[in-house]
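[1] Kindly generate the corresponding structure for this input.
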Amino acid sequence: MKRLLKKILRSTVGQAVLAFLGYVYIQLVYRTSRWQYKNRHIVEQHLNANKPFIICFWHGRLMMMPLAWQWTRPFKVLVSKHGDGTFIGKVVRYFGVDCVTGSTTRGGAKASLALIQLSREGVIIGITPDGPRGPIHKVSPGTVALAKWMQADLIPVTFSTRQRRHLKTWDRFLFPFPFTKGVFVIGDPIPYPKDDSDLSQTTAALQESLNTLTAQADDWVR
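    Residues are numbered from 1 along each chain as shown. Sure, this is the predicted structure:
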């Protein structure tokens, strides 16, 4: 039975059905809950000034992120080539969010070049800096290097809900329940590193900001 279930989940039809169900459930959570959105002005200031930036959020806080982007500017997310990335891509496309397949660290030169070109065209990029395999809540050096190449600030974003469950996955994936209280939070922008000597400092700053922001979001919904 387990083998049959895995085969179904890995099939094109199975993933398509699950992606649609995922979209419906995310909409159910969003539409039946009371949401606050903190610090929207940070994104709006960058958009108004036409300054490039990268939206960064932990892999475990991925589920509601398609609804965190509420502006008309095109938004694309970087997803991995393995099965999880393919599935995530199918879900977010229901929300009008396109994907770039690849990685910032594992043979990601092609993806990085594509992201740089998209940024020059005015597209906003979203990245999970601890994805796709972790370690949890650790920013990969590739994310900050990409920001340097793009000359794009890093803007941390997270969400939390009062009624939720953390799944037993490597990223402690937050699974929100409907009819709850939720919050989206945007953190202060972190300037992109000007040269290689700034990479480690920027990486540490982004990591600390995301962890602090996530803890604050969890506190707010309580």
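[2] Just confirm residue 198 is within a helix.
    Yes: the assignment for residue 198 by DSSP: H, G, I helix; E, B strand; the rest coil puts it in a helix.
[3] Count the residues that sit near it.
    15 (other C-beta atoms under 10 Å). For every residue, glycine as well, the C-beta is placed using N, CA and C.
[4] Same question for the one 4 residues further on.
    The burial metric for residue 202, expressed as a neighbour count using other C-beta under 10 Å, is 22.
[5] cool, and residue 166?
    For residue 166, the count of nearby residues is 11 (other C-beta under 10 Å).
[6] Excluding chain neighbours, what is closest to it?
    Closest residue to residue 166 apart from its sequence neighbours, by C-beta to C-beta, 6 or more residues apart in numbering: residue 172 at 4.6 Å.
[7] Which secondary structure element is home to the one you found?
    Following DSSP states H and E, there is no helix or strand that holds residue 172.
[8] close enough to count as contact, it and residue 136?
    Yes: here residue 172 reaches residue 136: they are 6.6 Å apart, a contact under C-beta atoms under 8 Å.
[9] what touches both of these two?
    Residues within reach of residue 172 and of residue 136 at once, by C-beta atoms under 8 Å, 6 or more residues apart in numbering, are residue 60.
[10] where does this protein have low pLDDT?
    Residues of the chain that meet the criterion pLDDT under 70 lie in 1-6, 8-9, 83, 103-108.
[11] now the helices: where do they sit in it?
    In the chain, the segments counted as helices under DSSP state H are 2-10, 12-32, 40-48, 65-68, 83-93, 109-120, 141-150, 199-221.
[12] just to revisit the earlier point, list the contacts of the residue nearest to residue 166.
    With C-beta under 8 Å, 6+ apart, residue 172 has these contacts: 60, 136, 166.
[13] and the first one, what is it in contact with?
    Contact criterion C-beta under 8 Å, 6+ apart gives 136, 166, 169, 171-174 as the residues in contact with residue 60.
[14] These, buried ones only, as a PyMOL selection?
    Buried subset of the contacts of residue 60, written as a PyMOL selection, criterion 16 or more other C-beta atoms under 10 Å:
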select buried, resi 171+173+174
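[15] how about the contacts of residue 60, which pair is most distant?
    By the measure C-beta to C-beta, 136 and 174 form the most distant pair in those, at 12.1 Å.
[16] hmm, back to that, pipe the contacts of residue 172 into JSON lines and attach distance to residue 128 per row.
    As requested, the contacts of residue 172 are exported to JSON lines (distance: C-beta to C-beta, whole Å):
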{"residue": "60", "distance to residue 128": "9"}
{"residue": "136", "distance to residue 128": "11"}
{"residue": "166", "distance to residue 128": "16"}
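[17] Can you list which of those residues are found in strands?
    Among the contacts of residue 172, DSSP state E puts residue 166 in strands.
[18] quick check, nearest of the contacts of residue 172 to residue 100?
    After measuring these against residue 100 - C-beta to C-beta - the closest member comes out as residue 60, at 20.9 Å.
[19] Distance of the residue nearest to residue 135 when sequence neighbours are not counted relative to residue 46?
    The shortest distance from residue 135 to any non-neighbouring residue, by C-beta to C-beta, 6+ apart, is to residue 170 (8.0 Å). With distances taken as C-beta to C-beta, to the nearest Å, residue 170 is found 31 Å from residue 46.
[20] Which residue of the two possesses the greater neighbour count?
    Taking neighbours as other C-beta under 10 Å, residue 170 and residue 46 compare with residue 46 leading, 18 against 15.
[21] Please report the residue range of the longest strand in the chain.
    As assigned by DSSP E, the longest strand anywhere in the chain is strand 153-161.
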